[in-house]
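Undergrad: this one's structure only:
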Ligand code: FES
Ligand code: FES
């Protein structure tokens, strides 16, 4: 069984105050392209500008689908360990 | 201000029973390679087996870093809209 009391306490410690709506808290994606039913992106590797490009998997990047380093803040605040996918030509 | 009461109610509706620990609920990544401080993967596109490969961004795939379609169940259960990154050669 889920222990609701402890659950709520730990969530509060993790700093949920940035959640602007109740629903957002259970989402991985708090706000990117919410008008789309499923956010899918494509990269054609042969057309990349650079030999290595980092793609976001934390859904917190302001340059999504690219990684802008926002995973570091997210991991620090939540104790999570998410990071990008590196695509090399 | 965050409305804690509504927040807890909506989380319960969203089916948090699959969360095995309190901490996991605030994480994007519930269980993949938690021994690593940051989960980063690399793909060398020129070495892909197939012309198009889908990479997971929902952290629910049993074939992570590949997408196995688990985002569909996650989206259905939570109302989220996450999906994979498609890498093409
Ligand atoms: S900013 Fe999201 S993984 Fe880096
Ligand atoms: S299984 Fe995670 S994005 Fe498809």
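TA: Thanks, I have it. Because the structure is predicted, anything quoted here is derived from the model rather than measured. Numbers count the residues shown, from 1 in each chain, chains lettered A, B, ... in the order given. Ligands and ions are numbered 1, 2, ... in the order given.
Undergrad: All the helices of chain A, in order from the start?
TA: A:4-13, A:70-78 (DSSP state H).
Undergrad: Comparing the ones you listed, which yields the minimum mean pLDDT?
TA: Mean pLDDT values for the helices of chain A show the minimum at helix A:4-13, a mean of 39.
Undergrad: quick one, strands of chain A?
TA: Taking DSSP state E as the test, the strands found in chain A are A:39-44, A:52-55, A:82-88.
Undergrad: So which of these is nearest ligand 1?
TA: strand A:82-88 (4.0 Å; Cβ to the nearest ligand atom). The way it works is simple: take the backbone N, C-alpha and C, and place the C-beta from them, glycine included.
Undergrad: Next one: residue A:42 from residue B:27, what distance?
TA: 27 Å (Cβ to Cβ, to the nearest Å).
Undergrad: Neighbour count: these two, which is higher?
TA: Legend: neighbour count by other Cβ atoms under 10 Å in any protein chain shown for residue A:42 and residue B:27, higher for residue B:27 (22 against 12).
Undergrad: Could you tell me which residues make contact with the closest residue to that one other than its chain neighbours?
TA: Excluding its sequence neighbours, the residue lying closest to residue B:27 (Cβ to Cβ, 6 or more residues apart in numbering or on different chains) is residue A:80, at 4.2 Å. Residue A:80 makes contact with A:74, B:26-29, according to Cβ atoms under 8 Å, 6 or more residues apart in numbering or on different chains.
Undergrad: which bits of chain A sit near ligand 1?
TA: A:56-58, A:60-61, A:67-71, A:83-84 (Cβ under 6 Å from any ligand atom).
Undergrad: Export those residues to TSV and append columns for distance to ligand 2 and neighbour count.
TA: Putting these into TSV (distance: Cβ to the nearest ligand atom, whole Å; neighbours: other Cβ atoms under 10 Å in any protein chain shown) gives the following:
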residue	distance to ligand 2	neighbour count
A:56	13	25
A:57	9	30
A:58	13	26
A:60	16	24
A:61	16	20
A:67	16	21
A:68	20	15
A:69	21	14
A:70	19	17
A:71	16	25
A:83	15	22
A:84	14	26
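Undergrad: out of these, which one sits closest to residue B:50?
TA: Distance ranking of the residues of chain A next to ligand 1 against residue B:50, using Cβ to Cβ, places residue A:57 first at 20.6 Å.
Undergrad: Backbone torsions only: list them for the closest residue to that closest one other than its chain neighbours.
TA: Using Cβ to Cβ, 6+ apart and skipping residues adjacent in sequence, the residue nearest residue A:57 is residue B:57, 4.7 Å away. Main-chain torsions, residue B:57, degrees, to the nearest 10: phi -130, psi 10.
Undergrad: Right, I'll leave it there.
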